[in-house]
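K.L.:
I'd like to go over a predicted model; first the sequence, then the structure.
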Amino acid sequence: MERFFTVEQIKNEVLNTMQNPALTYEQQTSRLAKISENIMDYPVNENDDFYNLYELGEICDLDEGHAPYAPRYILPDYEKLLKEGCEFLRLTPAKNLREAINNLLIFYHHVPSVTRFPVYIGSLDKLLEPFIEDEKDADEIIRLFLIQLDRTIDDSFCHANIGPEETKAGNIILNNLASLQNVTPNLTLLYDKDLTPDSFAEKAIEVSIDSANPAFANLNYYQKDFGKNKFGIASCYNALPVCGGAFTLSRLRLNKIALAAKSYDDFFENTMPHAIDTMLHFMESKIDFLVNKTQFFETNFLVKEGFVKKENFVGLFGVVGLYECVNELAKKLNEDIEFGHSDKADEIGLRVMDELEKRVKSFKSKYSNIWNHEFMLHSQVGAANDEGTTAGVRIKIGREPMMYEHITQAAKFHKYFPSGVGDHFPFENTAKKNPKAVLDIFKAAFEMGMRYISSYGSDSDLIRVTGYLVKKSDIEKINRCEQVSYDTVQYAQDAFNKYELLNRKVRNV
């Protein structure tokens, strides 16, 4: 655990950061701030079993810091900004496309997150569409806007949405993605078969083969969960309330919990319930600290001017490692079966998720008002030190079955995760010539119950790692200790170098 106990240890950590040749000045500054924050203890009692489960790797706080002073993910009401302006930033309502983009860029600079950059920059097509008059002029302006985003928001956890309807702004964005080859923003098409024209969806698929953007979200599925509450897809693929966001995201490594269990029954009766309860109380303590011991919800202009509201924030309860968890539990039953390749193994996985969902829902938080005072389940994508831990509820890379079987299996587990779950499917680059076939696959996947699906070309430089985008060429640079502006490249090193990311099964159409 990253807890510094002596002045000498802190000095060494600071010096190592200052001398790291692969970090830019901004990355060093961020790291130094995190070191300072982590001098604090976690907001839990020393005798709480959180520390033990953290050391064992069963609980992970995703590098949020020991004493967070802003919510992890923030989804401001950008429509309010463009319509009403912002008093704190001295911005007046936008009257044309240039003013709209200028207001957004200024505002983005002041939206914090766990990454220090905004993780949600809005439904860009809906925000910009009312201001488009001359499409040729708009194309030039929006292209420069996309370049500005990529060069100043140096983190591909930054996320934007388009759709479900086809718009002039949406087409301009898609038309520029392949040639720009930008890492930021991560982009999702909110897809609805009744609202999204096939031609628009097929264009999005063609572009995604070249640029890994956009991914597709099953809009109807998310709307059933969120009801009348507005939501956006943020960060990797996190569905969260607009005008709110996520206080915190912690996660359980289910595989570590299974390894610690004495038997199959012990896992369900003792080790998993204990780990769930410990993380629930840890998350509640962290949120309580953020709300009551820091000034964010009292003084930040986002709150004071109504761009976000405390009652619209939720806690995200993440899980990873279901693949290894199920396989370990099968061993305890002396069963030679594998998650994703056996109905009996999948039944074990469904039991794990049923029990986990039930226990998480039984906990009532003082917070998460918009979600009935419950934490939202999230299929978390991965982090450092995840060797031997498959992201979320996915099948391990290299062990994927044929496409139909893969989608059928994955769809069984998407129902548990209103806040985010997804699967990635690399396609041969020739798929660009037949986007209709890929769209038919996506439509079938959504009919079967999948929430989120993404694609990219097997030969492309841009690739989706776990939920965010990275260039293969940037990984080569950082492996040579060269500086790369994007923070996310550092996080992707293990995925590329250790976890066989490039060995995902490539699909043909």
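P.N.:
Looks like it came in fine.
K.L.:
Other residues contacting the helix-or-strand element of the chain with minimal mean pLDDT?
P.N.:
Lowest by mean pLDDT, DSSP states H and E among the helices and strands of the chain is helix 488-497, with a mean of 74. With contact meaning Cβ atoms under 8 Å, 6 or more residues apart in numbering, helix 488-497 is reached by 22, 27, 155-157, 183, 382-387, 465-466, 468-472, 474-475, 477-479, 501-502. From N, CA and C alone the C-beta is placed, and that goes for glycine too.
K.L.:
again, but for stretch 92-110
P.N.:
Under Cβ under 8 Å, 6+ apart, the answer for stretch 92-110 is 76, 78, 81-86, 89, 91, 117-118, 121-122, 127-128, 131-133, 137-138, 141-142, 145, 148-149, 152-153, 301-302.
K.L.:
that older thread, for the least confident helix or strand of the chain, list the C-alpha coordinates in CSV.
P.N.:
Once non-C-alpha atoms are left out, helix 488-497 reads as follows in CSV (Å, rounded to 0.1, in the frame of the first residue of the first chain):
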residue,chain,number,x,y,z
THR,A,488,-3.0,7.0,-20.2
VAL,A,489,0.0,5.6,-22.1
GLN,A,490,1.6,4.9,-18.7
TYR,A,491,-1.4,3.0,-17.5
ALA,A,492,-1.5,0.9,-20.7
GLN,A,493,2.1,-0.3,-20.5
ASP,A,494,1.3,-3.4,-18.4
ALA,A,495,-1.7,-4.3,-20.7
PHE,A,496,0.6,-4.2,-23.8
ASN,A,497,3.8,-5.6,-22.2
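K.L.:
looking at this, Ile147 is in a helix?
P.N.:
Yes: per DSSP: H, G, I helix; E, B strand; the rest coil, Ile147 lies within a helix segment.
K.L.:
Excluding chain neighbours, give the residue nearest to it in space.
P.N.:
Leu180 (6.7 Å; Cβ to Cβ, 6 or more residues apart in numbering).
K.L.:
And Pro93, by the same measure?
P.N.:
Gly85 (4.8 Å).
K.L.:
repeat for Pro418
P.N.:
Using Cβ to Cβ, 6+ apart, the closest residue to Pro418 is Asp225 (4.0 Å).
K.L.:
With Lys203 instead?
P.N.:
Nearest residue to Lys203, sequence neighbours excluded (Cβ to Cβ, 6+ apart): Leu174, at 5.5 Å.
K.L.:
What's the separation between the one you found and Asp61?
P.N.:
Leu174 sits 37 Å away from Asp61, taking Cβ to Cβ, to the nearest Å as the criterion.
K.L.:
do Leu97 as well
P.N.:
The value you get for Leu97 to Asp61, if Cβ to Cβ is used, is 41 Å.
K.L.:
Quick test: name the residue nearest the centre of this protein.
P.N.:
Cys236 (2.4 Å; Cα atoms, centre = their mean).
K.L.:
on that earlier part again, quick one: buried ones out of the contacts of stretch 92-110?
P.N.:
Among the contacts of stretch 92-110, those scoring as buried are 76, 78, 81-82, 84-86, 91, 117-118, 121-122, 127-128, 131-132, 138, 141-142, 145, 149, 153, 302 (criterion: 16 or more other Cβ atoms under 10 Å).
K.L.:
ends of stretch 48-59, how far apart?
P.N.:
13 Å (Cα to Cα, to the nearest Å).
K.L.:
With stretch 236-245 instead?
P.N.:
Length of stretch 236-245, first residue to last, Cα to Cα: 14 Å.
K.L.:
which parts of that stretch are buried?
P.N.:
Neighbour counts over stretch 236-245 (16+ other Cβ under 10 Å) mark 236-245 as buried.
K.L.:
just stretch 26-38 next, same as before
P.N.:
For stretch 26-38, by 16+ other Cβ under 10 Å, it's 27, 30-31, 34-35, 38.
K.L.:
pLDDT at the residue nearest to Pro93, what is it?
P.N.:
Looking at Gly85, its pLDDT reads 98.
K.L.:
Which members of the buried ones among the contacts of stretch 92-110 occur in helices, if any?
P.N.:
Residues of the buried ones among the contacts of stretch 92-110 located in helices (DSSP state H): 78, 81-82, 84, 127-128, 138, 141-142, 145, 149, 302.
K.L.:
burial measure for Lys498, as a count.
P.N.:
Neighbour count for Lys498, taken as other Cβ atoms under 10 Å: 11.
K.L.:
oh, and call the first residue 213 from now on, that's how I've got it
P.N.:
OK, 213 is where the count begins now, so the last one is Lys710.
K.L.:
you'd agree it is up against Glu599?
P.N.:
Yes: the pair Lys710 and Glu599 passes the contact test of Cβ atoms under 8 Å, sitting 5.9 Å apart.
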